[in-house]
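> just to be clear, the model below is a prediction. Sequence and coordinates:
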Amino acid sequence: MSYARHVSKDNTPYEDVVDQLQDSGHPVEKGGFQLPRLRMKSISHRGMDLRALRVATGSAVATFGPDYISYPPLHLLLGANGYMQPPTGFLTDKFLIPAQEFMKKYLVHGAGYAHGRRGTAEVMTRQGRYSVGHIQDDVAEDTKAIIEWLQIRAVRPVPTVLMGHSQGGQHVAHQLADPEKYGLKRDQIRGVVLINSMLLPHSQQMLLTPGFFKEIALSSLGRVAGSMITGKGLLFRGQKAFDAFVGEGDPNGKNERRITEGTYPDSGMFFTQTVTTGTSPSLKDARLKGLPVSIIVSEDDQLMGKNLQYKTADYLDSFGADVRIMDVPGKHLSPLMTHTGESPERVELIMDQHRQALAHAFQNLR
């Protein structure tokens, strides 16, 4: 596939550059929603190649890596985005500026993925009846296709670091529990980064987080039930999305609106299982001994409470994982999104924590 290539100005924030990957003039009209569509093109920015592409399963993926990288790359970074977020969720200054240092050093190529064919004209809006099992079957097929694309011409599995934000942390847990299902070899996985991850192993403990209980569970269970009956996904937009997911900055701010006006429908059944029976797999038989796991925790996360995320760390540590926790200020999206009025000092502090997290997770890449 050929790509129209654009070279951007060096001082442009990644968030603004990535806007060019979104075909805002031609949203997808589906299920009564106007949904963002990604434009399949390539952008060169600050020595990094950013692009949106479609893999064999038809899902959209946002890839990122050094401009000069050859294929196959020496290492992979597989990122799973969170609930209702786009495949481009990791393509922000806060993450990419520190990440590019390690990606250039180790010749890493990355991919950001969001299940449900988000960003395509075939985006799923009738997901109410999809259970976590159905979702993981879809994620597994997509992940295999992503790895196949990234490992072009590779003669052996490329060493890989797994990364997940929010719900994406659940995808990572499933990949650790059964890597072969997702097209991975067990010894291929060299590290993990979890960013405000959904809780492991007991995701229903999120009900103990006041923000989650108030802004999502208490106010949305009726809508979840409706989504299960009709098959339409649960969708937060505007102020509701700001209150539930962002919670700081300005609802009318540029970066905040990218989140609150660009959300995708998601699975009501997944939500119901998350807060009732749980959606995490057991990692008892996963090979976690010595595996470097970096956990980035927002101190005021309104959805995944800090004290509960420390239990995730304890759970992984109990199986011998080499766990390191990085605390950052802010709420659920603060590790990735720069908020209106956010001080440069806080942004730099968060980027420094990303550097430490990546240095730990990438330590087995040579």
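Structure's in. What do you need? Residues are numbered from 1 along each chain as shown.
> helices of the stretch 251-366 of the chain, residue ranges please.
254-260, 268-275, 306-318, 344-361 (DSSP state H, counting those that start in this stretch).
> what's the distance between the second one and the middle of its chain?
Counting by C-alpha atoms, centre = their mean, to the nearest Å, helix 268-275 is centred 18 Å from the centre of its parent chain.
> now swap in the shortest one and tell me
Centre-to-centre, helix 254-260 and its host chain are 16 Å apart (C-alpha atoms, centre = their mean).
> and of the helices of the stretch 251-366 of the chain, who's closest to Ile97?
helix 344-361 (5.8 Å; C-beta to C-beta). (Each C-beta comes from the backbone N, C-alpha and C, glycine too.)
> buried stuff in that closest one?
347, 350-351, 353-354, 357-358, 360-361 (16 or more other C-beta atoms under 10 Å).
> mind picking the one among those that's closest to Pro329?
Closest to Pro329, out of all of those and judged by C-beta to C-beta, is Ile350, at 7.3 Å.
> any low-confidence regions in the stretch 51-200 of the chain?
Counting by pLDDT under 70, not a single residue of the stretch 51-200 of the chain qualifies.
> between the two ends of stretch 204-222, what distance do you get?
With C-alpha to C-alpha, to the nearest Å as the measure, the first residue of stretch 204-222 is 18 Å from its last.
> from the chain's centroid, how far away is it?
21 Å.
> what mean pLDDT does that stretch get?
Averaged across stretch 204-222, pLDDT comes to 89.
> and if you look at stretch 255-264?
Taken as a whole, stretch 255-264 has a mean pLDDT of 94.
> cool, and stretch 319-338?
98.
> and what of stretch 235-246?
pLDDT averaged over stretch 235-246 gives 93.
> now do the buried residues in it.
235-236, 240-246.
> do the same with stretch 84-103
84-100, 102-103.
> same check on stretch 37-56?
Buried-residue list, stretch 37-56, by 16+ other C-beta under 10 Å: 37-43, 45-46, 48-55.
> how about stretch 200-213?
200-201, 203-206, 209, 211-213.
> next: stretch 10-23.
13-15, 17-18, 20-23.
> can you classify Phe90 by secondary structure?
Three-state assignment for Phe90 (DSSP: H, G, I helix; E, B strand; the rest coil): coil.
> residue contacts, it?
Shown in contact with Phe90 (C-beta atoms under 8 Å, 6 or more residues apart in numbering): 62, 64, 79, 81, 96, 110, 112, 163, 165, 336.
> among those residues, which one lies nearest to Pro27?
Ala62 (17.5 Å).
> burial of the closest one, as a residue count?
Number of residues near Ala62 (other C-beta atoms under 10 Å) recorded here: 25.
> tell me the helix or strand right after the helix or strand containing it.
Per DSSP states H and E: Ala62 is located in strand 60-66. The element immediately downstream of strand 60-66 (helix or strand, assigned by DSSP H and E) is strand 75-80.
> the very next helix or strand once past that next one vs helix 344-361, what angle?
The helix or strand immediately downstream of strand 75-80 is helix 93-106, counting by DSSP H and E. Put simply, helix 93-106 runs at 40 degrees to helix 344-361, going by axes from the mean of the first three to the mean of the last three C-alpha atoms, to 10 degrees.
> got the helices of the stretch 251-366 of the chain as TSV, with distance to Trp149 columns?
Rendered in TSV, the data for these read as follows (distance: least, C-beta to C-beta, whole Å):
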stretch	distance to Trp149
helix 254-260	26
helix 268-275	26
helix 306-318	29
helix 344-361	22
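> out of the ones you listed, which gets nearest to Lys181?
Closest among these, once you apply C-beta to C-beta, is helix 268-275, at 17.8 Å.
> the closest one - contacts with which helices or strands?
helix 132-150, helix 219-230 (3 or more C-beta pairs under 8 Å, 6 or more residues apart in numbering; DSSP states H and E).
> tell me the most buried of those helices?
Greatest average neighbour count among the helices and strands packed on helix 268-275 goes to helix 132-150 (a mean of 20), per mean count of other C-beta atoms under 10 Å.
> could you list every helix and strand that that helix packs against?
Using 3+ C-beta pairs under 8 Å, 6+ apart, helix 132-150 sits against strand 60-66, strand 75-80, strand 108-113, helix 167-177, helix 268-275.
> could you redo the last one with a cut-off of 10 Å?
strand 48-54, strand 60-66, strand 75-80, strand 108-113, strand 160-165, helix 167-177, helix 268-275 (3 or more C-beta pairs under 10 Å, 6 or more residues apart in numbering; DSSP states H and E).
> let's have these in JSON lines, adding distance to Gly305.
Output for those, formatted as JSON lines (distance: least, C-beta to C-beta, whole Å):
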{"stretch": "strand 48-54", "distance to Gly305": "33"}
{"stretch": "strand 60-66", "distance to Gly305": "29"}
{"stretch": "strand 75-80", "distance to Gly305": "21"}
{"stretch": "strand 108-113", "distance to Gly305": "25"}
{"stretch": "strand 160-165", "distance to Gly305": "16"}
{"stretch": "helix 167-177", "distance to Gly305": "14"}
{"stretch": "helix 268-275", "distance to Gly305": "14"}
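> hang on, the earlier thing: partner strands of the strand holding Ala62, parallel or antiparallel?
strand 48-54 (antiparallel), strand 108-113 (antiparallel) (DSSP bridges).
> kindly reformat the ones you listed as TSV containing distance to Leu365.
Listed next are those as TSV, based on distance: least, C-beta to C-beta, whole Å:
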stretch	distance to Leu365
strand 48-54	18
strand 108-113	7
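> for Thr260, which of the ones you listed is the nearest?
Of all those, strand 108-113 comes closest under C-beta to C-beta, at 19.3 Å.
> quick one: that closest one to strand 75-80, angle?
20 degrees.
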